[in-house]
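Novice: I would like the atomic coordinates for the input below:
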Amino acid sequence: MAGIISFGAYVPVFRLNRALMGKAWQIPSVPGERSVANEDEDSLTMAVEAGADCLAGIDPASVDGLFFATTTAPYEEKQCAAVIAEALDMRRDVLTSDFTGSVRASTIAVRAAVDAVKSGALRNVLVAAADCRLAEPEIMMEQVLGDGAAALLIGNENLAAEFGDFYTVSDNFTGPWRRQEDRFVRFFEIKLDTKYGYADNVSAAVGGLLKNTGAKPEDFKKVILPSPDPREGVSIAKKLGFNPMILEDTMFMFLGNTGAPLCLMMLVNTLEYAKAGDRVLVTNSGDGADAFMLTATDALAEVKKGRRGMKVNISSKRDLPGYDQYLQFRQIIDKDRWTPKSSTVTYWRDRDVVVRLHGNKCKKCGTVQYPIMRLCFECEAKDDFEVVPLSKTGKVYTFTLDHLVGGNYLDVPAPKCVVELDGGGKIFLEMTDCDPKEV
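Specialist: Model prediction:
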């Protein structure tokens, strides 16, 4: 048996009203808004946030594997999963792998994790999915896309939801696609994409799953059906015999199509409101389609506690004042940009401090310090400490507003904070994604 032990999500705090995008190019606008990653965010950093939310209250050293699904990895040649595992302070012998090439990468990674757990090769696997896709400016698809992330911890003990059967179809369909030299996602003829690339494949996957299992549409409490647009999802549901009222919200109106993580973000949203015994059908498409079943257990109620999930992430937002800020965040406008240089040697030497967020605890007086220092500032004991992982949550102890240095032009003055970490220790940081007046 394999299932979901825990789940988490992340949505960037910024939202851009699509009317502002339409106005900028003098084209019709799609109703609603879309999520926009800040200029210092990408699919990797968002996956770390979703993974941390998923592992709240769980020792990261207990995780055996980490699979990362994305179509927008920030590296062409470097494994992002290894970076995420280090940032989440996992063991060095954790199995890491990147899944990419299609927005269906997220459910392919889920199936790989389930197979690994069922086979006994791994006790549990964290599957994190994130995307930050770009569409060419001045086209409607730019308004449709959105940024976000989700994560599932898959294992065989203390399950909040149990996996049923899987069914997959593969299809060498033309679009969407992006070659190595392309910055923007390319699309085939949209109507053809929708009918033959989406509808036919999803119908085949769901039909095959129902036939193999003997399940009926009325057996399910919720159906997760990511679609190119909300109307097409309803149309497919009706053709397959499902009541459209049980479709999970695609979040199109307030987040947009987030790509690889969309299916898992919808699943997280479903689990936040599900009850024990609820049966869920999950689908995903891209060069084919996946379909699988889940059943919620009694343990789900406890797992919901202490996580931001989709509910908190959706409600926590700031409005981007204009389309030009979006262009700035995505660096779409060509201009000379100064990037501070960093030392790869220093990064390698200090990665436990910088990436894993390790500090030291004095063995004599118990004081926790960050960064790691040889001398305890409290009792002055020298070289008498142990390295400890620090919490990534805490409360602002004190702060100042810097009017001259740091922050993007939306966060001026920039809040510089001393944060008292949960479990001990203080750390000096710059606060982002906030209104300086509300620190």
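Novice: centre of the chain versus the helix or strand containing G51, how much separation?
Specialist: Assigned by DSSP states H and E, G51 belongs to helix 43-54. How far helix 43-54 lies from its chain's middle: 5 Å, per CA atoms, centre = their mean, to the nearest Å.
Novice: just stretch 398-417 next, same as before
Specialist: The answer for stretch 398-417 is 27 Å, by CA atoms, centre = their mean.
Novice: Any idea how far apart the tips of that stretch sit?
Specialist: 6 Å (CA to CA, to the nearest Å).
Novice: Residues touching that stretch, excluding its own?
Specialist: 38-40, 320-321, 325, 328, 396-397, 418, 428-434, 436, 439 (CB atoms under 8 Å, 6 or more residues apart in numbering). No exception for glycine: its C-beta is placed from N, CA and C like everyone else's.
Novice: before we move on, the earlier item: which SSE is immediately downstream of the helix holding G51?
Specialist: strand 65-69.
Novice: what sits up against the helix holding G51?
Specialist: Helix 43-54 is contacted by residues 6-10, 12, 37, 66, 68, 70, 72-74, 80, 83-84, 87-88, 126, 128-132, 147-153, 261, 307-309, 392 when judged by CB under 8 Å, 6+ apart.
Novice: could you say what helices and strands the lowest-mean-pLDDT helix or strand in the chain packs with?
Specialist: When each helix and strand of the chain is scored by mean pLDDT, DSSP states H and E, helix 190-192 comes last, with a mean of 79. Using 3 or more CB pairs under 8 Å, 6 or more residues apart in numbering; DSSP states H and E, no helix or strand is in contact with helix 190-192.
Novice: just for the chain, where's the confidence low?
Specialist: 335-339, 406-409, 411 (pLDDT under 70).
Novice: quick one, what contacts the most centrally placed residue in it?
Specialist: Geometric centre of the chain, nearest residue: A149, 1.4 Å, by CA atoms, centre = their mean. By CB under 8 Å, 6+ apart, the contact list for A149 reads 9-11, 43, 46-47, 49-50, 128-131, 258, 261, 265.
Novice: and of these, the nearest to T283?
Specialist: M265 (13.9 Å; CB to CB).
Novice: sorry, back to before: which SSE is immediately downstream of the least confident helix or strand of the chain?
Specialist: That would be, after helix 190-192 and using DSSP H and E, helix 200-213.
Novice: Quick check: buried residues in that next one?
Specialist: Applying a neighbour-count criterion of 16 or more other CB atoms under 10 Å, one finds 200-206, 208-210 buried in helix 200-213.
Novice: Go ahead and measure how far it is from the middle of the chain.
Specialist: Relative to its parent chain, helix 200-213 has a centroid offset of 27 Å by CA atoms, centre = their mean.
Novice: Residues touching that helix, excluding its own?
Specialist: 164-169, 171, 173, 215-217, 225, 236, 239-240, 281, 283, 285, 288-293.
Novice: Could you report the neighbour count for K275?
Specialist: By other CB atoms under 10 Å, the residues close to K275 number 10.
Novice: typed the wrong thing, it's W25
Specialist: W25 - counted by other CB under 10 Å - has 15 other residues nearby.
Novice: residues contacting it?
Specialist: W25 neighbours (CB under 8 Å, 6+ apart): 137-138.
Novice: Quick check: the gap between it and Y323.
Specialist: 8 Å (CB to CB, to the nearest Å).
Novice: same deal with T432?
Specialist: Where Y323 is concerned, T432 sits at a distance of 21 Å (CB to CB).
Novice: now swap in L55 and tell me
Specialist: L55 is 36 Å from Y323, by CB to CB.
Novice: Repeat that for K364.
Specialist: For K364 relative to Y323 (CB to CB), the value is 57 Å.
Novice: Show me which of these two is the more surrounded one.
Specialist: It is Y323, of K364 and Y323, that has more neighbours when counted by other CB under 10 Å, with 20 against 13.
Novice: Go ahead and confirm that one touches L16.
Specialist: Yes - checked against CB atoms under 8 Å, the pair Y323 and L16 is within contact range at 7.1 Å.
Novice: Might you report the residue contacts of I84?
Specialist: Taking CB under 8 Å, 6+ apart, we find I84 in contact with 44, 47-48, 51, 66, 68, 96, 128.
Novice: again, only using 7 Å
Specialist: 44, 47-48, 51, 66, 68, 128 (CB atoms under 7 Å, 6 or more residues apart in numbering).
Novice: and which of these is nearest to D334?
Specialist: Nearest to D334, judged by CB to CB, of these is L44 at 24.0 Å.
Novice: And the closest one, how close does it get to Y326?
Specialist: Between L44 and Y326 the distance is 20 Å, computed by CB to CB.
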